[in-house]
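Asker: One predicted model, sequence on top.
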Amino acid sequence: MPGSRRPHARWRGAPAAASPHQVGRRAVLATGGALAAPGVRAQGGAWPQRSITIIVPAAPGGTLDALARFFAQAMTPALGRTVVVENVGGAGGLIGMQRVTRADPDGYAIVFGNMGVMAAFVALHPTSGYDPRRDLAPVAMAAYVPMVIAASPQSGVRSLAGLLDRIRERGEGVTFGTAGLGTTSHLAPALLLHLTGLRATLVAYRGAGPAMNDLASGTVDAVIDQTVTMIPAHRGGTAVALAVSGSQRAPQLPDVPTFAEGGVPAFDLVVWNAFAAPRGTPEPIVQRLAGAVDAALADAELQRRLGELAASAPAREERGPGPLGQRITADAARWIAVVEAAGLARQ
């Protein structure tokens, strides 16, 4: 495992009121074949006429990166063009989201984000100038993923109760690595600390990959991230899974209890991941992209990959632009209320 990276920021928890292999940047996922559906007439010709880029607002090696690459490969046959993934990390996802919102609204640059950057971000960054409710054209919900809390193998902690006891004893001397301020891996430990009335130190990195590296080396004590990142890390011995969110244990982690079994039933955070385009993208292109996501979710290989990592496909009635737009609006409001109740710092 690579050596530890220097953390970029710290946040201290307020009192109560899941790793896929890293791959290179802009990696080509698949080669387009014959068009699987009639082209959308746009810009003087059938859309798409060239490759499509999925912007991932995070560093390589995390859940968003892995899922985006799975979907890019599975969406290619329906779009008939090469699909590439570009990682644009930094500022808790803001840099990548700005890349997308400032792109031409022609469907050739879209974003794959999650509940953090596509809804909760506005709760912690109300002055950033970016608002997903205003700046995005929702395309499709893609996957729901449970969260796992894991300890460093170097820490000696082997249960959620043990970790909470250590936080009670050491307070801010206990550290959680996060993928950056406002990401789901930042919001999750902040919520856990709020629910338990404890204080610890949150250490922000430039993505989940660097945070997981430092978890493996013992530089940070714990990380909460999605199963897509955590299952391979747990199996590989670079993280010790302590609890998983959801009402039942994940079949892929049968020996790992739920948060409810671990004594924190109120923590039931399951992360949604979705596609969006720049505001103003023509509706026919949005619908064509949504159809490609639908086709991807019917792909047997994608289903197998999601299943291996405890991710689940959304129901058909939850997938389209309308339901996703409603979810973004509702979750933005929800997290604004949580941040205010927890007394978290806003920027």
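Answerer: Good, I have the coordinates.
Asker: then the lengthiest helix in the chain to PDB, C-alphas only?
Answerer: Secondary structure of the chain per DSSP state H: the longest helix is helix 321-342. C-alpha atoms of helix 321-342 as PDB (Å, rounded to 0.1, in the frame of the first residue of the first chain):
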ATOM      1  CA  PRO A 321     -35.100  12.900 -14.800                       C
ATOM      2  CA  GLY A 322     -38.300  13.800 -13.000                       C
ATOM      3  CA  PRO A 323     -37.800  11.500  -9.900                       C
ATOM      4  CA  LEU A 324     -34.100  12.400  -9.700                       C
ATOM      5  CA  GLY A 325     -34.900  16.100  -9.800                       C
ATOM      6  CA  GLN A 326     -37.400  15.700  -6.900                       C
ATOM      7  CA  ARG A 327     -34.800  13.600  -5.000                       C
ATOM      8  CA  ILE A 328     -32.100  16.300  -5.400                       C
ATOM      9  CA  THR A 329     -34.500  19.000  -4.100                       C
ATOM     10  CA  ALA A 330     -35.700  17.000  -1.200                       C
ATOM     11  CA  ASP A 331     -32.300  15.800   0.000                       C
ATOM     12  CA  ALA A 332     -30.800  19.300  -0.300                       C
ATOM     13  CA  ALA A 333     -33.500  20.500   2.100                       C
ATOM     14  CA  ARG A 334     -32.900  17.500   4.400                       C
ATOM     15  CA  TRP A 335     -29.200  18.000   4.700                       C
ATOM     16  CA  ILE A 336     -29.600  21.700   5.300                       C
ATOM     17  CA  ALA A 337     -31.700  20.800   8.300                       C
ATOM     18  CA  VAL A 338     -29.200  18.200   9.500                       C
ATOM     19  CA  VAL A 339     -26.200  20.500   9.200                       C
ATOM     20  CA  GLU A 340     -28.000  23.200  11.100                       C
ATOM     21  CA  ALA A 341     -29.200  20.800  13.800                       C
ATOM     22  CA  ALA A 342     -25.700  19.300  14.200                       C
END
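Asker: Check the average confidence over stretch 137-152, would you?
Answerer: Stretch 137-152 carries an average pLDDT of 97.
Asker: Just grab the bridge partners of Pro138 for me.
Answerer: Following DSSP bridges, Pro138 is listed with bridge partners Ala276.
Asker: counting contacts, what elements does the longest helix of the chain pack onto?
Answerer: With contacts defined as 3 or more C-beta pairs under 8 Å, 6 or more residues apart in numbering; DSSP states H and E, helix 321-342 has these neighbours: helix 121-124, helix 132-135, strand 136-151, helix 184-196, strand 270-278, helix 283-297. To be clear about C-beta, it is placed using only N, CA and C from the backbone, and glycine gets the same treatment.
Asker: Can you add mean neighbour count and distance to Ile328 and give the ones you listed back as a markdown table?
Answerer: Compiled in a markdown table, the helices and strands packed on helix 321-342 are given as follows (neighbours: other C-beta atoms under 10 Å; distance: least, C-beta to C-beta, whole Å):
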| stretch | mean neighbour count | distance to Ile328 |
| --- | --- | --- |
| helix 121-124 | 25 | 10 |
| helix 132-135 | 16 | 5 |
| strand 136-151 | 26 | 6 |
| helix 184-196 | 24 | 14 |
| strand 270-278 | 24 | 8 |
| helix 283-297 | 20 | 14 |
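Asker: could I get those as a markdown table with distance to Thr329?
Answerer: Formatted as a markdown table, these follow (distance: least, C-beta to C-beta, whole Å):
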| stretch | distance to Thr329 |
| --- | --- |
| helix 121-124 | 10 |
| helix 132-135 | 5 |
| strand 136-151 | 10 |
| helix 184-196 | 18 |
| strand 270-278 | 13 |
| helix 283-297 | 17 |
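Asker: and the ones you listed, which one's lowest on average pLDDT?
Answerer: When I compare these, helix 121-124 is least confident, with a mean of 88.
Asker: residues in contact with it?
Answerer: Applying C-beta atoms under 8 Å, 6 or more residues apart in numbering, the external contacts of helix 121-124 come out as 92-94, 97, 128, 130-133, 181-182, 187, 332, 335-336, 338-339, 344-347.
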